[in-house]
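Visitor: Here is my input; please provide its structure:
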Amino acid sequence: MFSPTSLEDLALLRETVELECKLAQGQNGQGEVPKDFWPTYSAMANTHGGVVLLGVREKDGVFSIAGIPNPAKVRADLFNNLNNPGKVSANLLTDADVQELALQGQTMLLVRIPQATRKQRPVFLNGQPLGHTYKRLNDGDRPCDEETVKRMLAEQVEDERDARILPGFGMGDIDGESLRIYRQMLKDERPGHPYLEQDDFDFMTSLRGWRRDRQTGQEGLTLAGLLMFGTWAAIQEAAPHYFVDYQERPEARAEPTWIDRLVPDGSWTGNLFEFYRRVYRKLVADLKVPFAVKDGQRQDDTPVHKALREALVNALVHADYTGRVSVLVVKRPDMFGFRNPGGLRLPIEQVIRGGESDCRNRILHQMFLLIGLGERGGSGMPRIYGGWRSQHWRPPLLSEKAEPEQTLLALHMADLLPDEVVQALRARWGARFDALDAHSRLILATAAMERTVSHSRLLELCDAHSHDLSVLLARLVRQGMLVSDGRARGTVYYLAGAALPTPEDVFSGPLLPAEGIASTIGSADSLPGGVPVEGSEHSQQSSEHSQLSSEHSQARQELRDAEGRLLSPLLDGPVLDDLVALAPGFLAELQARAAPARAGRLDMDQMQAVICAVCTGHYVTRAVLARLLDRSPDALRQTHISPMVRSGLLQLAFPSKPTHEQQAYKTGKP
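Guide: Sure thing, here's the model as predicted:
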């Protein structure tokens with residue numbers, strides 16, 4: 001367990017975990033558990049856990065130690081309240097979770113709050129879950145709405161969300177052809193299985209697609225049976241939020257256009273079994289992975305095929321079909337993406353490690369397992385990671401999104417250390433780069449390819465311990481190879497000599513003449529992502545022109561492209577900063593992309609698709625985006641833009657100034 005012994009260690013801890021600092025002095029100055037500790041306790045427990053430091057003052061990311069004169073009293077009061085059901089619904093802490101730490105001659109308390117299990121959530125205050133349940137959102141404690149609390153309560157008591165009997169539904173709501181094909185797949189996988197001798201009703205009963213509740217005597221079609229084999233009309237009645245969506249997109253960017261799409265449109269059943277069969281064929285149709293040969297026989301089922309199959313089944317059997325988002329599968333030239341409504345039932349680290357399973361839809365899972373699809377005992381995600389590792393691709397990215405609740409899995413087909421990036425870094429630093437450990441080289445390569453790198457991003461890419469990564473980042477900064485910007489968990493790092501642009505640089509400072517832009521963007525002297533190599537022409541030009549007087553700024557109009565977008569050598573794309581400056585035809589095209597938002601209220605997914613469409617191919621300032629979408633700039637940022645930036649759907653023009661009023665956004669690569 002990492003315990004901070006200096007203010008520098010506190011800064012590292014801040015980057016490693018969710019961290020809250022509270023003064024905890026009390027009215028008499030002897031120390032007490034502050035009132036705002038309890039919403040934080042609830043929020044961290046209901047999310048991913050975290051650390052609260054009592055006796056520490058924090059202002060603008062700077063720590064100072066205030067201390068607690070009587071830590072024993074504060075500790076006793078803490079546990080007295082934790083064990084009081086009228087105060088908090090569950091005590092998740094043991095003695096080992098509360099440490100006394102001495103720093104600068106003062107004593108403080110470090111409280112480690114673990115993530116609550118599914119059976120313990122919701123962790124709520126004052127004996128009332130509604131209105132007194134919190135979650136962590138944007139580094140703050142936010143009260144949960146009624147829908148979220150009710151979903152937690154349902155998850156707590158229902159081990160199988162798909163075992164629910166559906167009154168009024170029967171075998172007439174089952175698609176006979178789907179059931180026939182499933183029987184054939186079972187026969188191919190397990191010839192002679194006893195279920196094969198049964199009629200359709202008994203077959204469905206054996207699969208638990210039809211069941212009888214022994215306590216109530218109620219019997220009927222289960223939610224699992226209907227979702228797996230049902231007709232579209234019946235599924236819509238039983239599960240109004242159910243929707244499955246496959247999109248094949250033509251380019252390596254998060255745009256809402258597609259060249260192939262499969263959704264329930266009345267031409268097929270729309271059930272999960274048919275969706276799986278159709279989508280899996282599309283996913284592997286042109287997979288560029290060499291087939292293996294074993295004992296002289298071609299092995300068509302490669303580790304990548306198995307990983308994609310597992311990822312698809314995983315999304316279907318772990319989905320919360322009462323959620324407000326669809327099941328979405330995306331195929332792009334550079335990646336495969338899977339999204340399902342509902343968060344993970346286990347901590348994300350446990351899911352990646354494997355060995356333990358808590359499937360939301362256990363009957364559906366068993367139906368897939370019976371025909372050889374899916375993995376048992378929590379081995380599915382390790383298989384996915386192993387399949388990607390076999391190709392030396394970047395590790396899969398598994399993440400959760402809080403609003404609306406969903407789980408995301410991105411499988412990128414990109415090398416961890418592309419040769420051209422390594423050669424550029426070696427040309428710059430020579431033996432210094434070769435002397436670095438593997439994780440440090442990965443950090444620098446990621447910064448080169450993605451412009452910036454963060455502690456959380458590195459946790460996705462390698463198996464290093466969280467604290468070790470913080471130490472490596474600090475060391476690379478001291479060695480002059482990285483520069484840090486921002487504070488706390490918002491800290492980003494970039495290659496030394498490649499200063500991140502700011503809004504003032506782009507919108508206020510003098511600009512290069514048009515021919516200078518053409519010569520510097522995409523220059524051979526820059527790393528992928530537009531990061532200049534030390535001593536390159538780009539760096540020299542930027543330095544020279546940053547000293548020009550403002551009298552040359554009136555030449556800005558000449559630095560626009562044919563569509564009227566602002567050009568800057570500091571960015572990897574043009575900027576849409578002024579609607580008046582745009583060519584009429586291009587403005588009309590943008591207004592058409594934004595039209596759905598202007599026409600009325602959209603749900604979260606629809607609004608995000610419109611934002612991606614408007615921001616494709618260029619950066620768009622927040623003010624311009626708000627005007628195009630007919631929305632308030634602040635509401636747009638809080639409700640849509642900030643979550644899209646965190647998930648990678650949008651890329652910041654100015655990573656070191658995330659909340660700047662002149663921030664601009666471009667569709668990213670999630």
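
Visitor: Same question for the helix or strand encompassing residue 449: list its buried residues.
Guide: For residue 449, the enclosing helix or strand under DSSP states H and E is helix 438-450. Across helix 438-450, burial judged by 16 or more other Cβ atoms under 10 Å covers 440-450. Where C-beta positions appear, they are placed from N, C-alpha and C, glycine not excepted.

Visitor: who's in contact with the residue nearest to residue 426 when sequence neighbours are not counted?
Guide: Nearest residue to residue 426, sequence neighbours excluded (Cβ to Cβ, 6 or more residues apart in numbering): residue 433, at 5.2 Å. Residue 433 makes contact with 425-426, 441, 444, according to Cβ atoms under 8 Å, 6 or more residues apart in numbering.

Visitor: List just the nearest of those to residue 213.
Guide: residue 441 (58.7 Å; Cβ to Cβ).

Visitor: just checking, that closest one touches residue 421?
Guide: No: using Cβ atoms under 8 Å, residue 441 is not in contact with residue 421, being 9.9 Å away.

Visitor: could you redo the buried residues of helix 438-450 as JSON lines and give each row distance to residue 623 and pLDDT?
Guide: Converted to JSON lines, these look like this (distance: Cβ to Cβ, whole Å; pLDDT from 0 to 100):
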{"residue": "440", "distance to residue 623": "40", "pLDDT": "92"}
{"residue": "441", "distance to residue 623": "40", "pLDDT": "92"}
{"residue": "442", "distance to residue 623": "38", "pLDDT": "90"}
{"residue": "443", "distance to residue 623": "35", "pLDDT": "92"}
{"residue": "444", "distance to residue 623": "35", "pLDDT": "93"}
{"residue": "445", "distance to residue 623": "35", "pLDDT": "90"}
{"residue": "446", "distance to residue 623": "32", "pLDDT": "88"}
{"residue": "447", "distance to residue 623": "30", "pLDDT": "88"}
{"residue": "448", "distance to residue 623": "32", "pLDDT": "87"}
{"residue": "449", "distance to residue 623": "30", "pLDDT": "82"}
{"residue": "450", "distance to residue 623": "26", "pLDDT": "77"}
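
Visitor: Could I get those in CSV, plus columns for distance to residue 310?
Guide: Supplementary listing: those in CSV, determined by distance: Cβ to Cβ, whole Å:
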residue, distance to residue 310
440, 32
441, 30
442, 26
443, 30
444, 33
445, 28
446, 26
447, 32
448, 32
449, 27
450, 27
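
Visitor: Please read off the pLDDT at residue 107 from the model.
Guide: Per-residue confidence for residue 107 comes out at a pLDDT of 91.

Visitor: what helices or strands is the helix holding residue 449 leaning on?
Guide: Counting contacts by 3 or more Cβ pairs under 8 Å, 6 or more residues apart in numbering; DSSP states H and E, helix 438-450 is packed against helix 419-429, helix 455-461, helix 466-478, strand 482-485, strand 492-495.

Visitor: got the buried residues for the longest one?
Guide: The neighbour-count check on helix 466-478 (16+ other Cβ under 10 Å) flags 466, 469-470, 472-474, 476 as buried.

Visitor: Check stretch 206-213 too.
Guide: Across stretch 206-213, burial judged by 16+ other Cβ under 10 Å covers 207-211.

Visitor: distance between it and the chain's centre?
Guide: In terms of Cα atoms, centre = their mean, to the nearest Å, the centre of stretch 206-213 is found 36 Å from the chain centre.

Visitor: next one: stretch 167-175
Guide: With Cα atoms, centre = their mean, you get 37 Å for stretch 167-175.

Visitor: Name the residues that touch that stretch?
Guide: Contacts for stretch 167-175 (Cβ under 8 Å, 6+ apart): 200-201, 204, 209-210, 218, 220-221, 225-226, 229-231, 234, 237-238, 269, 271, 274.

Visitor: So how do I select the buried members of the residues you listed in PyMOL?
Guide: A single PyMOL command is used to select the members of these judged buried by 16+ other Cβ under 10 Å:
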select buried, resi 200+204+209+210+220+221+225+226+229+230+231+234+238+269+271+274
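
Visitor: From the contacts of residue 433, pick the one nearest residue 58.
Guide: Nearest to residue 58 among the contacts of residue 433, with distances taken as Cβ to Cβ, is residue 444, at 30.4 Å.

Visitor: Can you verify my assumption that that closest one contacts residue 437?
Guide: No: at 11.2 Å, residue 444 does not count as touching residue 437 under the criterion of Cβ under 8 Å.

Visitor: any idea which element residue 330 lies in?
Guide: strand 327-331.

Visitor: which outside residues touch that strand?
Guide: By Cβ under 8 Å, 6+ apart, strand 327-331 touches 243-249, 275, 279, 282-283, 312, 315-316, 319, 336-341.

Visitor: Where strands are concerned, which of those residues count?
Guide: 244-248, 336-341 (DSSP state E).

Visitor: Mind putting those into JSON lines with neighbour count, distance to residue 411 and pLDDT?
Guide: As requested, the ones in strands among the contacts of strand 327-331 are exported to JSON lines (neighbours: other Cβ atoms under 10 Å; distance: Cβ to Cβ, whole Å; pLDDT from 0 to 100):
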{"residue": "244", "neighbour count": "26", "distance to residue 411": "19", "pLDDT": "96"}
{"residue": "245", "neighbour count": "19", "distance to residue 411": "17", "pLDDT": "95"}
{"residue": "246", "neighbour count": "21", "distance to residue 411": "15", "pLDDT": "96"}
{"residue": "247", "neighbour count": "18", "distance to residue 411": "15", "pLDDT": "94"}
{"residue": "248", "neighbour count": "18", "distance to residue 411": "15", "pLDDT": "94"}
{"residue": "336", "neighbour count": "21", "distance to residue 411": "4", "pLDDT": "94"}
{"residue": "337", "neighbour count": "21", "distance to residue 411": "7", "pLDDT": "93"}
{"residue": "338", "neighbour count": "23", "distance to residue 411": "8", "pLDDT": "96"}
{"residue": "339", "neighbour count": "22", "distance to residue 411": "12", "pLDDT": "95"}
{"residue": "340", "neighbour count": "25", "distance to residue 411": "14", "pLDDT": "95"}
{"residue": "341", "neighbour count": "23", "distance to residue 411": "19", "pLDDT": "94"}
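
Visitor: And the furthest pair within those?
Guide: 248 and 341 (21.4 Å).

Visitor: For stretch 40-59, C-alpha coordinates in PDB please.
Guide: As requested, the backbone C-alpha atoms of stretch 40-59 are provided in PDB (Å, rounded to 0.1, in the frame of the first residue of the first chain):
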ATOM      1  CA  THR A  40     -17.700  11.700  -0.800                       C
ATOM      2  CA  TYR A  41     -17.700   8.300   1.000                       C
ATOM      3  CA  SER A  42     -21.000   7.400  -0.800                       C
ATOM      4  CA  ALA A  43     -19.800   8.700  -4.200                       C
ATOM      5  CA  MET A  44     -16.500   6.900  -4.100                       C
ATOM      6  CA  ALA A  45     -18.100   3.600  -2.800                       C
ATOM      7  CA  ASN A  46     -20.700   3.700  -5.600                       C
ATOM      8  CA  THR A  47     -18.100   4.400  -8.300                       C
ATOM      9  CA  HIS A  48     -14.500   3.200  -8.300                       C
ATOM     10  CA  GLY A  49     -13.300   3.900  -4.800                       C
ATOM     11  CA  GLY A  50     -10.700   6.500  -3.800                       C
ATOM     12  CA  VAL A  51      -8.700   8.200  -1.000                       C
ATOM     13  CA  VAL A  52      -9.700  10.900   1.400                       C
ATOM     14  CA  LEU A  53      -7.000  12.800   3.200                       C
ATOM     15  CA  LEU A  54      -8.100  14.400   6.500                       C
ATOM     16  CA  GLY A  55      -6.000  17.200   7.800                       C
ATOM     17  CA  VAL A  56      -4.700  18.500   4.400                       C
ATOM     18  CA  ARG A  57      -5.500  21.800   2.800                       C
ATOM     19  CA  GLU A  58      -5.600  22.000  -1.000                       C
ATOM     20  CA  LYS A  59      -5.900  25.100  -3.000                       C
END
